[in-house]
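*Asks:* Sequence below, structure please.
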Amino acid sequence: EGTLGDLTSESLQIAIFDKDRIGRDDFLGSAVVNLLELRAVHEKLVEAELSIKGTVSLQLTWMPNSPTSAPAETKSGAASQPSVELAPASKISAQEIFAVGVVEVELQAGFNLKPADRNGFSDPYVIFSLGNKTKKSSTIRKSLNPQWHEKFEFEGVLRDLTSDKLLLQVFDKDTIGRDELLGQAEVDLLELRASSKKSFEVNLSTQGSISLSIALTPHEHGPTTSPGAMPVFKQNPNFSLPGEIPHTPAATSPPAGMLASISESFLAAKGSMRIELQRAVGLKAADSNGLSDPYAVLYFLGKKHTSKVVPKTLNPQWDQSFEFVGTLRELTSEACLLEVFDKDRFTRDESLGKKTIDLACMRSRHEQELEIALPTQGTVFVRVAWTPK
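*Replies:* Model prediction:
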């Protein structure tokens, strides 16, 4: 029960199981039904094709609450459909896209996940990565069809947040040994600029799917940053997305108010940026012994900086720092690429994953701890510190 606008803004998710008296129930397939058509036609027969095999027939009917009045009849004698006013589809305006806001991710459920344990089940949890931020869900024990219904928030400039893809990785929690990757997927957030709330069913790279609802919400402070907060900027001010008007040198500043809290003298200050590679966990195994010989490489300001090699591990401890000198503006306007490799003696070193580090956050703080989820597998822990001269 609810308003037609609210009920049809969400997709209907169906999962079919076979009931077993002994043993776990078998997953037979899932489907997602778009309810938007009920805004125009208040009754509809739907044939939903399942993800594995077969179809499900549904009769969908919208019934408005009208206890005091019956539907008016037309000249032909048929009852006319009641008139329902719907709020226009929520869309992020060109002004709001530069505001500070929140991407809210609601993790709903997983279906037909890969079994990783001897009992035929898994203990799944999900790690979300957006930009330099990661969020982790709770662990659901002994399930291939977990139900989470948990919400996670990523805060920043909405243009930056929607320019990145949301990476989700599903792991099996192990009490002994490393957690096993059950699959991963990416969600393109550009769609949220046209419709600020959207449901997704995302197929994982191995087996199964994850259902999500993602909402984009600007803060009420408008197109400027929230009071007292420092804005976050894109790594390259001349970068533009397909369909957008590229920035020109004469118009590199965001809309009025974006730079209000940053003085030119602050950005022009000289100092040093120290990037400390601390450690990594859960890296991809590249060698026949189930381990790797990992080292990390930073590509920054046109130079390459390499850490030491830590042999035979998926959880290396580097604790190495690299220092870069320049103005705060220069050091936070460049993208820093982190790539992890497996060292091989006889063949070329294999890449275990790479990710760009956004240093724009250092405009609002002098030190930052980052957890960088690699798109392949594993997380790298980095500390960044700015010291003005």
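*Asks:* what's the helix or strand for Glu330?
*Replies:* helix 328-333 (DSSP states H and E).
*Asks:* Could you identify the helix or strand that succeeds that helix?
*Replies:* strand 336-342.
*Asks:* Give the rounded mean pLDDT of the helix or strand just after that next one.
*Replies:* Using DSSP H and E, the helix or strand that follows strand 336-342 in sequence is strand 350-357. Averaging pLDDT along strand 350-357 yields 89.
*Asks:* and the angle for the following helix or strand past strand 350-357 with strand 336-342?
*Replies:* Per DSSP H and E, the first helix or strand lying C-terminal to strand 350-357 is strand 367-373. Counting by axes from the mean of the first three to the mean of the last three CA atoms, to 10 degrees, strand 367-373 lies at 50 degrees to strand 336-342.
*Asks:* Around Ser11, count how many other residues there are.
*Replies:* Using other CB atoms under 10 Å, the number of residues around Ser11 comes to 18. All C-beta atoms are positioned from the backbone trio N, CA, C, and that covers glycine.
*Asks:* Give me the nearest residue to it, chain neighbours excluded.
*Replies:* Once flanking residues are discounted, Ser11 sits nearest to Ser199: 4.1 Å by CB to CB, 6 or more residues apart in numbering.
*Asks:* count of neighbours near Ser163?
*Replies:* 19.
*Asks:* my bad, Glu49
*Replies:* With other CB under 10 Å as criterion, Glu49 counts 11.
*Asks:* Looking at strand pairing, list the partners for it.
*Replies:* Thr55 (DSSP bridges).
*Asks:* which stretches of the stretch 101-250 of the chain form helices?
*Replies:* Using DSSP state H, counting those that start in this stretch, the helices assigned to the stretch 101-250 of the chain run over residues 158-163.
*Asks:* can you tell me which residues contact the nearest residue to Leu370 once chain neighbours are set aside?
*Replies:* Leaving aside its sequence neighbours, Leu370 sits nearest to Val382 (CB to CB, 6+ apart; 4.6 Å). With contact set as CB atoms under 8 Å, 6 or more residues apart in numbering, Val382 has these partners: Ile275, Glu276, Leu277, Gln278, Leu338, Ile357, Glu369, Leu370, Ile372.
*Asks:* Confirm that Val382 lies within a helix, as I assumed.
*Replies:* No. Using DSSP: H, G, I helix; E, B strand; the rest coil, the assignment for Val382 is strand, not a helix.
*Asks:* Can you tell me how far it is from Lys136?
*Replies:* 17 Å (CB to CB, to the nearest Å).
*Asks:* related to what we said a few turns ago, state the distance from the residue nearest to Leu370 to Thr206.
*Replies:* Val382 is 28 Å from Thr206, by CB to CB.
*Asks:* cool, Gly110 as well?
*Replies:* Distance of Gly110 to Thr206, given as CB to CB: 12 Å.
*Asks:* which of these two has more neighbours?
*Replies:* Applying other CB under 10 Å to Gly110 and Thr206 shows that Gly110 carries more neighbours, namely 26 against 13.
*Asks:* Could you report the pLDDT at that one?
*Replies:* 91.
*Asks:* With Glu73 instead?
*Replies:* For Glu73, the predicted pLDDT is 42.
*Asks:* repeat for Leu190
*Replies:* 82.
*Asks:* and if you look at Leu181?
*Replies:* 90.
*Asks:* Ramachandran angles for the nearest residue to it once chain neighbours are set aside?
*Replies:* Closest residue in space to Leu181, ignoring its immediate chain neighbours: Gln377 at 5.1 Å, by CB to CB, 6+ apart. Per-residue torsions, Gln377: phi -170, psi 140 (degrees, to the nearest 10).
*Asks:* and Gln377, how far is that from Leu267?
*Replies:* 37 Å.
*Asks:* if I look at the residue nearest to the spatial centre of the chain, how far off is Gly2?
*Replies:* The structure's the chain has its C-alpha centroid closest to Leu166; by CA atoms, centre = their mean the separation is 2.4 Å. Relative to Gly2, Leu166 is positioned 27 Å away (CB to CB).
*Asks:* Asn203 pairs with what?
*Replies:* Beta-bridge pairing for Asn203 (DSSP bridges): Ser209.
*Asks:* Report how many residues lie close to it.
*Replies:* Neighbours of Asn203 (other CB under 10 Å): 13.
*Asks:* Can you read off the pLDDT for it?
*Replies:* 91.
*Asks:* And Thr248, by the same measure?
*Replies:* 36.
*Asks:* ok so, going back, who has more neighbours, Gln377 and Leu267?
*Replies:* Counting neighbours by other CB under 10 Å for Gln377 and for Leu267 shows that Gln377 has the greater number, 20 against 15.
*Asks:* buried stuff in the helix holding Glu330?
*Replies:* Leu328, Leu331, Thr332, Ser333 (16 or more other CB atoms under 10 Å).
*Asks:* What residues does the closest residue to the second one other than its chain neighbours make contact with?
*Replies:* Of all residues not flanking Leu331 in the chain, Met273 sits nearest, at 4.6 Å (CB to CB, 6+ apart). By CB under 8 Å, 6+ apart, Met273 lies in contact with Glu323, Phe324, Val325, Gly326, Leu331, Leu359, Met362, Val384, Ala385, Trp386.
*Asks:* Kindly state the pLDDT recorded for the second one?
*Replies:* Read it as Phe324. 90.
*Asks:* That one touches Leu298, doesn't it?
*Replies:* No. Using CB atoms under 8 Å, Phe324 and Leu298 do not qualify as a contacting pair, with a distance of 9.4 Å.
*Asks:* Between these two, which contacts overlap?
*Replies:* Common contact partners of Phe324 and Leu298 (CB under 8 Å, 6+ apart): Ile275.
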